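1. heads up, no residue letters with this:
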């Protein structure tokens, strides 16, 4: 019988597994998308979704619970200020797992785990628009300038005579 077999053990003891999952959630918060094995991605999904649920609550107790679980205050701050507000309308299913195939070295199945609601930090949004405007203005003069002919040996000799 398979009673009590719901926790994916990942061939680690409890403390190592808990630290691994906390670090994976922190990496997911930091980078918005991480590449890991399929088993680890499936194991980290419930913890990541619980953290977003805590972030949506947003109260002091939820923040302290998240800090106790993840042990990184910077990641918890980013979770509560950027990721959770982006998923405010969603009732669940905050992450998605994309299968990538097998790893070359040991044929372990690999996957991306990422947030469904891709968020853009408020400070980065205007910077992206300004960068886009700079690209447009930089391209306009380049199109108007006449193109120079490539010099060849014959053209150089004719110009020298």
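-> Perfect, thanks for sending it. Quick caveat: nothing in here was measured; it's all calculated off a predicted structure.

2. can you pull the pLDDT of the closest residue to residue 78 other than its chain neighbours?
-> Spatially, and ignoring its direct neighbours in sequence, residue 78 is nearest to residue 29 (5.4 Å; CB to CB, 6 or more residues apart in numbering). All C-beta spots, glycine's among them, are computed from the backbone N, C-alpha and C. Residue 29 carries a pLDDT value of 97.

3. does residue 29 sit in a helix or strand, and which one?
-> Using DSSP states H and E, residue 29 maps to helix 14-31.

4. so which other helices or strands are in contact with that helix?
-> Other helices and strands packing on helix 14-31, by 3 or more CB pairs under 8 Å, 6 or more residues apart in numbering; DSSP states H and E, are strand 33-37, helix 38-57, helix 60-70, helix 73-78, strand 109-115.

5. what lines up beside the first one in the sheet?
-> By that I understand strand 33-37. Looking at strand 33-37 with DSSP bridges, its partner strands are strand 109-115 (antiparallel).

6. next one: the strand it pairs with to chain centre, how far?
-> In terms of CA atoms, centre = their mean, to the nearest Å, the centre of strand 109-115 is set 10 Å apart from its chain centre.

7. name the residues that touch that strand?
-> Strand 109-115 has contacts (CB atoms under 8 Å, 6 or more residues apart in numbering) with 28, 32-39, 41, 44-45, 48, 83, 86-87, 94-103.

8. switch the cut-off to 7 Å
-> The contact list for strand 109-115 (CB atoms under 7 Å, 6 or more residues apart in numbering) reads 28, 32-38, 41, 44-45, 83, 94-103.

9. drop anything exposed from the residues you listed.
-> If you count burial by 16 or more other CB atoms under 10 Å, the buried members of these come out as 28, 34, 36-38, 41, 44-45, 83, 94-95.
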